[in-house]
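>>> Below: sequence and its predicted model.
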Amino acid sequence: MLPQLSIGIFVRSDDIAGSAIELLKGERYALTHIKSAVEFLGFLKQNYHLDCLVFEDNPDLRSLLSKLQERSLFLPAVIFSPQPGEDGRPIAPGSDAFEAAASTAENRSGQSCAFFYHPAEVQLATARSSEIAAAIDRAIAQFLKLSTPVPVDDPSAMVDATTQLTAQSLLSRQQRRLAEKLRERLGYLGVYYKRNSQIFLRNLSGPEKQKFLEQLKSSYREIVLNYFSQDPAVNNQIDEFVNLAFFADVPVTQIVEIHMELMDEFAKQLKLEGRSEEILLDYRLTLIDAIAHMCEMYRRSIPKEASQGKR
């Protein structure tokens, strides 16, 4: 049997929830309906491989979604809303509809924002709840094309560059997981990665650059310390490190520099302990492995059409 799409429904209205569940029940979807915000967050913590979330616009929604944003937890989302765009998509900034919706959002939360959760969400009018299946498909498709979960130029998004890069890394992992599932189910071709030049290492301010490089070095140190252990988590650590480096457009020379700095630190420690430094030569494999993962990330980032070329 082809894998089901896991849908988490956090809708308090019995009418809306009942309609959505009735329309989605069947072999294609695995549905979970939760009404309590506390229960929902606990469920999401234990079941982070959900494929899409369904919400309704209510006074508690922004508080709940802000908690997901704080955890850098982003998933495809459909939001039942009284005033979405006419096509069910987030309302375009600058439009009359946007001004009206932004005013409503500002009255609710004190902030003006074109979306509740992230720019790829789908807002669906409650009167059009019968279109929920199509909205889920659109939400997933838009999510796979999402380049950044929270725009860095959004004045309401008070996040520094390091937080933005961490969110970007987690987003890419979720996109890869979902694309692989869809490829198995639908022959989906997957997604190539779009990067935001505003959070490239070379474009960060001095303090931001220093903070990010410290984080990158700390991440690499953990990889080195665990590389020859039997802990399977080291593969995830390498993926996280490479994701951070990729989305910040960190040059390979910088990765090599981080490696050499760590080897120098370890060499000094070994010398103080009266031990041989030759063991550090084995960690050239760690550097090769990290660079190989980075090359694979860049290979996957090239659109299929571009890699094939014109014939």
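Cool, got the structure.
>>> CA atoms for contacts and neighbours, from now on please.
Fine.
>>> How far off centre is stretch 264-273?
With CA atoms, centre = their mean, to the nearest Å as the basis, stretch 264-273 stands 38 Å off its chain's centre.
>>> buried stuff in it?
Buried positions in stretch 264-273, judged by neighbour count with 16 or more other CA atoms under 10 Å: 267, 270.
>>> just stretch 18-28 next, same as before
Buried residues in stretch 18-28, counted by 16+ other CA under 10 Å: 20, 21, 24.
>>> And for stretch 199-219?
Counting neighbours by 16+ other CA under 10 Å, one finds that the buried residues in stretch 199-219 are 199, 200, 201, 204, 208, 209, 212, 213, 216, 217, 219.
>>> Touching it from outside, list them.
Stretch 199-219 has contacts (CA atoms under 8 Å, 6 or more residues apart in numbering) with 160-162, 164-165, 197-198, 237, 241, 244-245, 247-250, 258.
>>> What is the burial count for residue 128?
10 (other CA atoms under 10 Å).
>>> Which stretches in this structure count as strands?
For the chain, applying DSSP state E gives strands covering 5-10, 29-33, 52-56, 77-81, 122-125.
>>> Between the ones you listed, which one is closest to residue 173.
strand 52-56 (14.9 Å; CA to CA).
>>> ranges for the helices of the protein?
Listed in chain order, the helices of the chain (DSSP state H) span 14-24, 37-46, 61-70, 96-109, 132-144, 161-186, 206-226, 233-247, 252-272, 284-301, 304-308.
>>> can you list the ones you listed in CSV and add mean pLDDT and distance to residue 80?
Listed next are these as CSV, based on pLDDT from 0 to 100; distance: least, CA to CA, whole Å:
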stretch, mean pLDDT, distance to residue 80
helix 14-24, 90, 9
helix 37-46, 82, 17
helix 61-70, 86, 11
helix 96-109, 37, 14
helix 132-144, 85, 9
helix 161-186, 71, 23
helix 206-226, 90, 38
helix 233-247, 82, 32
helix 252-272, 93, 45
helix 284-301, 84, 33
helix 304-308, 50, 35
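>>> Out of those, the one nearest residue 117 is which?
Taking CA to CA, helix 61-70 is the member of the helices of the chain nearest to residue 117, at 5.9 Å.
>>> Buried residues of that closest one, list them for me.
Within helix 61-70, the residues scored as buried using 16+ other CA under 10 Å are 61, 62, 65, 68, 69.
>>> So what touches it?
Contacts of helix 61-70 (CA under 8 Å, 6+ apart): 37, 55, 74, 109, 116, 117.
>>> out of those, who's nearest residue 31?
Taking those together and measuring to residue 31 by CA to CA, the closest member is residue 55, at 13.2 Å.
>>> Provide a list of residues in contact with that closest one.
Residue 55 is in contact with 9, 10, 11, 61, 77, 78, 79, 80, counting by CA under 8 Å, 6+ apart.
>>> repeat for residue 276
Residue 276 sits next to residue 270 when contact means CA under 8 Å, 6+ apart.
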